[in-house]
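> here are the coordinates; sequence isn't available:
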DNA sequence: CCTAACTCCGTACACCTTACGGAAATCGCT
DNA sequence: AGCGATTTCCGTAAGGTGTACGGAGTTAGG
């Protein structure tokens, strides 16, 4: 929990050249900061952020543990670099269609990003490191509804809403997927184990609505939940709600 | 990552008496499972789930580390117990008003719960432990829109949407609060440190829309964001969107 | 050519969860 | 009353984590 080195980290983010302060006296670095960031992303992609460690990154690079601190100031700053890097790895498609199409694209972009790198879910940074790719993305998101008739304040609130929703929905999807992977159990198998125990332990008749709705949903989804459909459903509601705002 | 003990954990959840299997031969337990759960919640409330550890719980109880494993099977199961416990700590108010009022109450309940126990944000359980308080809450949430004219499937989707949104919005709020606490810095101070560095490092004129919107929002919020307002704004949009569904 | 600067890394510290096994306490049964 | 089964509590240890510190070796500038 050291006070983060703002100058150094922002310099790393915005021009990925200078790994160490500046001077060029000693031995050359064996790898680049980009290598470090890419290796770190690979580790996080494979094992998640909980299992992500500085040791695993250096192992992958053929360095020993402590060398990594000559490339990046610490774990938290490295994660900041990883986030901006994956934010930029796919270009942002040019906007077209009406604002509904565009906001759908914004939501889908967030959804895809979380699915490509599920560890983004596990990040809990206090305040974001502002990097070039994150800034480009925010500009692109706002541009989606520029000129559609919203006030500046509404534009910010709308993007916050849509992006927040997409992140939450993607989170649910990723969690469901990870549950299946990590337990080696499908929703159905999990339910088969839990249901009989619950039947013994739950007071019968105490949950009439849950029982009815749960059964209908379970049959429709063939699972506990259907994250894709939740995303679709929620996004349509939200867009309808925004449309109502426009017609106020 | 052991296979969790479903029988034992569900038994703990649904009737909090039997700490150990059953027999009553050996020495009495010095504290109760409830004591353990309450102490654990106190630790998590004070220090967050990242800093939460079995040792801190036993320290607080006057036990030594390993004794805790005679009360609960492991860390993950203890967290399951903590979640159900805090879910039940405030009663669920009876529903009144129309479905909009009721869904607002549902969203607000989630919002409050996350603010009362911010560590809920940090939980990443694969699949939930189904306990009595969680089950009561789900039933209450569904009851909010029972009879309002939605299909059973829509009911599930609406609750998923509203609860997911409220959780995400509360998360943003809690994160902002924690950022201030843990860094001892307000948004304004944080910006004062970052802005001059960013000015040097960002290509000028590259972010016209962000700059304009960011300025308006910043002046209006007196901060980077205004989580309360985002919650309000988002909830109104979502309710409007649901209303549009009802009038299809 | 020497010295300042830099990279790489060994060691150490303070944490974490939990597996294992032993000592002590308690109850049920003979 | 006393023994054996059962259970609690806990000491130890293994295998993880991030990072502070300082030393050895390499390189380039003056």
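Looks like it arrived, so ask away. Keep in mind it's a predicted model, so treat the numbers as computed, not measured.
> could you look up the SS state of residue A:125?
Classification of residue A:125 using DSSP: H, G, I helix; E, B strand; the rest coil returns coil.
> how about residue A:84, secondary structure?
From three-state DSSP, the assignment for residue A:84 is helix.
> residues touching it, list them.
The contact partners of residue A:84, taken as CB atoms under 8 Å, 6 or more residues apart in numbering or on different chains, are A:13, A:129, A:131, A:132, A:133, A:134. The way it works is simple: take the backbone N, C-alpha and C, and place the C-beta from them, glycine included.
> of the residues you listed, list those near chain B.
The residues of the contacts of residue A:84 that also fall near chain B, by CB under 8 Å from any CB of the partner chain, are A:13, A:132.
> using CSV, lay out the contacts of residue A:84 together with secondary structure and neighbour count.
Converted to CSV, the contacts of residue A:84 look like this (DSSP: H, G, I helix; E, B strand; the rest coil; neighbours: other CB atoms under 10 Å in any protein chain shown):
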residue, secondary structure, neighbour count
A:13, helix, 23
A:129, coil, 20
A:131, coil, 23
A:132, helix, 18
A:133, helix, 16
A:134, helix, 17
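> quick one: is stretch A:169-186 near chain B?
Yes: for a cut-off given as CB under 8 Å from any CB, stretch A:169-186 has contacts with chain B, namely A:169, A:172, A:175, A:178, A:179, A:182, A:183.
> check contacts around the residue lying closest to residue A:161 once chain neighbours are set aside.
If you skip the residues right next to it in sequence, residue A:161 has residue B:234 as its closest partner in space, 4.4 Å away by CB to CB, 6 or more residues apart in numbering or on different chains. Listed by CB under 8 Å, 6+ apart, the contact partners of residue B:234 are A:157, A:160, A:161, A:164, A:165, B:165, B:169.
> secondary structure element for the fourth one, which one?
This means residue A:164. Mapping residue A:164 onto the secondary structure by DSSP states H and E places it in helix A:152-183.
> circling back to that earlier point, quick one: which two of the contacts of residue B:234 are the most distant?
Among the contacts of residue B:234, the pair separated by the greatest distance (CB to CB) is A:157 and B:165, at 13.3 Å.
> low-confidence stretches in chain A?
When residues are selected by pLDDT under 70, those of chain A lie in A:1-4, A:16-23.
> in it, which spans are helices?
Under the criterion DSSP state H, chain A contains helices at A:6-14, A:33-47, A:54-61, A:75-87, A:99-116, A:132-143, A:152-183, A:187-201, A:208-221, A:227-246.
> how about TSV for these, with distance to residue B:105 added?
Compiled in TSV, these are given as follows (distance: least, CB to CB, whole Å):
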stretch	distance to residue B:105
helix A:6-14	43
helix A:33-47	39
helix A:54-61	46
helix A:75-87	36
helix A:99-116	27
helix A:132-143	31
helix A:152-183	20
helix A:187-201	27
helix A:208-221	16
helix A:227-246	19
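> so which of the ones you listed is nearest residue B:79?
For those, distance to residue B:79 was read as CB to CB. The smallest value, 15.0 Å, belongs to helix A:152-183.
> and the closest one, what does it pack onto?
Using 3 or more CB pairs under 8 Å, 6 or more residues apart in numbering or on different chains; DSSP states H and E as the contact criterion, the secondary-structure elements in contact with helix A:152-183 are helix A:99-116, helix A:132-143, helix A:187-201, helix A:227-246, helix B:152-183, helix B:208-221, helix B:227-246.
> just put those in a markdown table and tack on distance to DNA strand D.
Shown next, in a markdown table, are those (distance: least, CB to the nearest atom of the strand, whole Å):
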| stretch | distance to DNA strand D |
| --- | --- |
| helix A:99-116 | 22 |
| helix A:132-143 | 22 |
| helix A:187-201 | 20 |
| helix A:227-246 | 30 |
| helix B:152-183 | 14 |
| helix B:208-221 | 30 |
| helix B:227-246 | 27 |
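> nearest to residue B:88 among the ones you listed would be which one?
Each of the helices and strands packed on helix A:152-183 has some distance to residue B:88 by CB to CB; the shortest is helix A:187-201, at 15.7 Å.
> ok, and for the closest one, which residues are buried?
Applying a neighbour-count criterion of 16 or more other CB atoms under 10 Å in any protein chain shown, the buried positions in helix A:187-201 are A:187, A:190, A:191, A:194, A:197, A:198, A:201.
> before we move on, what about stretch A:154-167?
The neighbour-count check on stretch A:154-167 (16+ other CB under 10 Å) flags A:154-167 as buried.
> likewise stretch A:59-76?
Counting neighbours by 16+ other CB under 10 Å, one finds that the buried residues in stretch A:59-76 are A:60, A:61, A:63, A:67, A:68, A:71, A:72, A:73, A:74, A:76.
> start and end of it, how far apart?
The straight-line separation of the ends of stretch A:59-76 (CA to CA, to the nearest Å) is 19 Å.
> same deal with stretch A:121-128?
End-to-end distance of stretch A:121-128 (CA to CA): 14 Å.
> got the contact list for it?
So stretch A:121-128 is in contact with A:48-50, A:76, A:79-80, A:83, A:114, A:134, A:170-171, A:174-175, B:50, B:121-122, B:124, B:175, B:178-179, B:182-183, B:187, B:190, B:224, going by CB under 8 Å, 6+ apart.
> that stretch near DNA strand D at all?
No: remark: stretch A:121-128 sits outside contact range of DNA strand D, by CB under 7 Å from any atom of the strand, the gap being at least 12.9 Å.
> quick check, stretch A:180-190 touching DNA strand C?
No: contact between stretch A:180-190 and DNA strand C is absent, the nearest approach being 13.8 Å (criterion: CB under 7 Å from any atom of the strand).
> endpoints of that stretch, how far apart?
Where stretch A:180-190 starts and where it finishes are 9 Å apart, if you go by CA to CA.
> gap between it and the chain center?
Here the centre of mass of C-alpha atoms in stretch A:180-190, compared against the chain's by CA atoms, centre = their mean, to the nearest Å, lies 23 Å away.
> ok, of the contacts of residue B:234, which one's closest to residue B:206?
Closest approach between these and residue B:206, by CB to CB: residue A:160, at 21.6 Å.
> burial measure for the nearest residue to that closest one once chain neighbours are set aside, as a count.
By the measure of CB to CB, 6+ apart, the closest residue to residue A:160 outside its immediate chain neighbours is residue B:230, 5.2 Å from it. As a burial measure, the neighbour count of residue B:230 was computed by other CB atoms under 10 Å in any protein chain shown and equals 20.
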